[in-house]
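**Q** Sequence plus the predicted model coming up.
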Amino acid sequence: MFTKIFRELNLAELTERVFNELVSKGPSTARQLAERLALPRPSVYDHLKILIQKGLITEKNQENKKIFLVDDLKNISELLGSKIKDLETEKKEFEKVLPTLLGKTSFIEPQIKFYSGKEGVKQVLNHIMWNSHIETVLMWPMSEMMKVLGSEYLEELNKKRVKRNIFLRVVWPKDKALDTSEFPYLDSGEDNLRDLRIAPEGMTWNMGYWMYEDKVAFLSSEKEGFGFVVHSHDFAQLLKVQFDQIWKASTPISNKK
């Protein structure tokens, strides 16, 4: 019932089982819990102690017996809130030292990273979402990418991208274009942070690339099913020059026939 929450709070599976038992069966003694869960009583006491320390349960004396019962469930929200604040603090501290760490590790960073299968391709795109407030460019065979990733994933990716203020300049080959009235999240405009154009007649491709900063993420068609990222300033610069020429020759989506 509370599995994901307990994992986020770094609480053990047995601790969760004890808590769930109190939630479902109500106030209980340690002996009753041990019998129902088939656990040694000392072990049950250890987990009860943890739950008490976290403010998730409380104890009271009744007829010379210790009875354990669930405390206010709103305390779970407080614990999660505290966890989020701690993580935000750690994130800020890490971001302070990140430039120094990158300077020390950049010389050993792999220049090309490969990813296989649909999940590998998604991993490539998820890594791009770690960035924010940047402009990126794509040569994107849209219908092929739709086959690989699916509309649901692409729509969710678009929401994340817009939230992180990642702007797109995108070129689709005409024979791989999709109807943006059917998929409005793919359309041009400020709401989608996207400027979309259609490549000249006869220009087509099955593999897409997404360029961001000094990195270029390549995604294959569904048939081949792989992706790779090249981290190279010179390589990114070369592709950017080529992209800009194709961009100039391409037609804005609003003028598409």
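**A** Arrived safely, thanks for sending.
**Q** quick one: low-confidence parts of the stretch 51-200 of the chain?
**A** 102-110 (pLDDT under 70).
**Q** now the strands for it?
**A** 57-62, 65-70, 112-116, 134-139, 166-172, 194-198 (DSSP state E, counting those that start in this stretch).
**Q** which stretch among those strands comes nearest Ser24?
**A** When the strands of the stretch 51-200 of the chain are compared by CB to CB, strand 65-70 sits nearest Ser24, at 9.9 Å. Where C-beta positions appear, they are placed from N, C-alpha and C, glycine not excepted.
**Q** For stretch 208-228, buried residues please.
**A** Using 16 or more other CB atoms under 10 Å as the test for burial, stretch 208-228 gives 208-212, 215-221, 226-228.
**Q** Distance to Asp187 for the strands of the stretch 51-200 of the chain - can I get that in TSV?
**A** Shown next, in TSV, are these (distance: least, CB to CB, whole Å):
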stretch	distance to Asp187
strand 57-62	52
strand 65-70	50
strand 112-116	28
strand 134-139	15
strand 166-172	11
strand 194-198	7
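**Q** could you redo those strands as JSON lines and give each row distance to Met146 and mean neighbour count?
**A** Listed next are the strands of the stretch 51-200 of the chain as JSON lines, based on distance: least, CB to CB, whole Å; neighbours: other CB atoms under 10 Å:
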{"stretch": "strand 57-62", "distance to Met146": "50", "mean neighbour count": "14"}
{"stretch": "strand 65-70", "distance to Met146": "47", "mean neighbour count": "16"}
{"stretch": "strand 112-116", "distance to Met146": "19", "mean neighbour count": "15"}
{"stretch": "strand 134-139", "distance to Met146": "14", "mean neighbour count": "19"}
{"stretch": "strand 166-172", "distance to Met146": "11", "mean neighbour count": "21"}
{"stretch": "strand 194-198", "distance to Met146": "15", "mean neighbour count": "21"}
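**Q** per-domain residue ranges of the chain.
**A** The chain breaks down by automatic domain parsing into domains covering 3-74, 112-255.
**Q** one step back: among the strands of the stretch 51-200 of the chain, which comes closest to Pro99?
**A** Nearest to Pro99, of the strands of the stretch 51-200 of the chain and by CB to CB, is strand 134-139 at 16.5 Å.
**Q** Now do that closest one against strand 194-198, angle only.
**A** 20 degrees (axes from the mean of the first three to the mean of the last three CA atoms, to 10 degrees).
**Q** strand partners of strand 134-139, parallel vs antiparallel please.
**A** strand 166-172 (parallel), strand 208-212 (antiparallel) (DSSP bridges).
**Q** on that earlier part again, from the buried residues of stretch 208-228, which single one is nearest Ser77?
**A** Using CB to CB, the buried residues of stretch 208-228 come closest to Ser77 at Tyr212, 36.4 Å.
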